[in-house]
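Q: predicted model follows, preceded by the sequence.
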Amino acid sequence: MDHRTHLFESHRPLLEGLAYRMLGTRADALDIVQETFLKWSQTDVDQIRDARAWLVTVCSRIALNTLQSARSRRETYVGTWLPEPLMEDTRSPDEEPQIDETVSVALMHALERLTPNERAAFLLHDVFGYSFDEISTLLGKESAACRKLASRARARVRDARPKFAASSTEHRRLLTAFLNAARAGQIDELRRLLAEGVELHADGGGKAETVTHVLRGADAVSTFFVRVWSAAAHPDGRYRFVLRWFNGSPGLLVHDEDRLIAAVSVSVDEGVIRGIYAHRNPEKLAAFLAEAG
């Protein structure tokens, strides 16, 4: 590997992390990083004083352009759009890694409410730690304007960020208790685990049966899951549930016999579940199948 390629590869995790958070899809993120590499390979790198800054700038600008077209495609998406699941490694929830809220499905879904520039300013400042002067150069805007963009973004995604960070132990405890109560048909126990204003967001993409609107409230959500999952408690129940780490926290993979039919994650705050996110679209579940293969 030559020096140019080695230098780029040392920054690849940063670029892929930025691109995924900007777009919410792994394939788009990889395309953006590849395009960044092509531009890098056509540049005299000896004339670049700060390779990291150059690469992040180019990657950010490509991501912004890509996001503009992606947003128009998502306007015609059937039902709720959720980001593609992200498997960063093969850790087991039993290994007690730290929860990473910056790639949580809850936050990634909330980022969809932002304009592309708001999203970029928020991610670059709040997640990647860039100063507003640096972001000014990246976005081609005044530093004060970038500060306002990030501030507006922060206010709009505030509800998706927990007030108190939950440990992976607490997160898994609530997720497991939620699963057990739903399977056993214990609706009162299930309500106790859910915030009064809990929301269920399900992404079927018109290709899998699911709720096509946001289901709100502990009563509605608990009733829904007891109806859908309680059959698994019976001897002839076909569902199989597997704990799996994705998007920075423990989640559940739901199998109908040998077929993966859903990936479920939750957002946790102040000891209760405040959001439930269910991937049902087979195209998005393919990420798990590709990893297994």
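A: Thanks, I have it. Residues are numbered from 1 along each chain as shown.

Q: what residues of the helix or strand hosting residue 198 count as buried?
A: Secondary structure assignment for residue 198, by DSSP states H and E: strand 194-203. For strand 194-203, the buried set under the neighbour-count rule, 16 or more other CB atoms under 10 Å, comprises 194-195, 198-203. For glycine as for every other residue, the C-beta is placed from the backbone atoms N, C-alpha and C.

Q: return the distance of stretch 104-119 from the chain's centre.
A: Distance of stretch 104-119 from the chain centroid (CA atoms, centre = their mean, to the nearest Å) equals 9 Å.

Q: can I get it in CSV, CA atoms only?
A: Taking C-alpha atoms only, stretch 104-119 is exported to CSV below (Å, rounded to 0.1, in the frame of the first residue of the first chain):
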residue,chain,number,x,y,z
SER,A,104,-28.9,5.3,17.7
VAL,A,105,-31.9,4.8,15.4
ALA,A,106,-33.8,7.4,17.5
LEU,A,107,-31.3,10.1,16.8
MET,A,108,-30.7,9.1,13.2
HIS,A,109,-34.5,9.2,12.7
ALA,A,110,-34.7,12.6,14.3
LEU,A,111,-31.9,14.0,12.1
GLU,A,112,-34.3,13.5,9.1
ARG,A,113,-36.2,16.5,10.3
LEU,A,114,-33.3,18.8,9.7
THR,A,115,-32.1,20.6,6.6
PRO,A,116,-28.9,19.2,5.1
ASN,A,117,-26.9,22.2,6.4
GLU,A,118,-28.4,21.9,9.9
ARG,A,119,-27.6,18.2,9.9
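
Q: flag every buried residue along that stretch.
A: Neighbour-count burial for stretch 104-119 [16+ other CB under 10 Å]: 104-112, 114, 116-119.

Q: quick one: mean pLDDT for the strand holding residue 198?
A: Average pLDDT, strand 194-203: 96.

Q: just checking: what are the partner strands of the helix or strand following it?
A: Following strand 194-203 in sequence order, the next helix or strand is strand 215-216 (DSSP H and E). Strand 215-216 pairs in its sheet with strand 194-203 (antiparallel), by DSSP bridges.

Q: who's in contact with the strand it pairs with?
A: Outside of strand 194-203, the residues within contact range by CB atoms under 8 Å, 6 or more residues apart in numbering are 79-82, 109, 178, 210-212, 214-218, 221-222, 224, 269-270, 272-281, 284.
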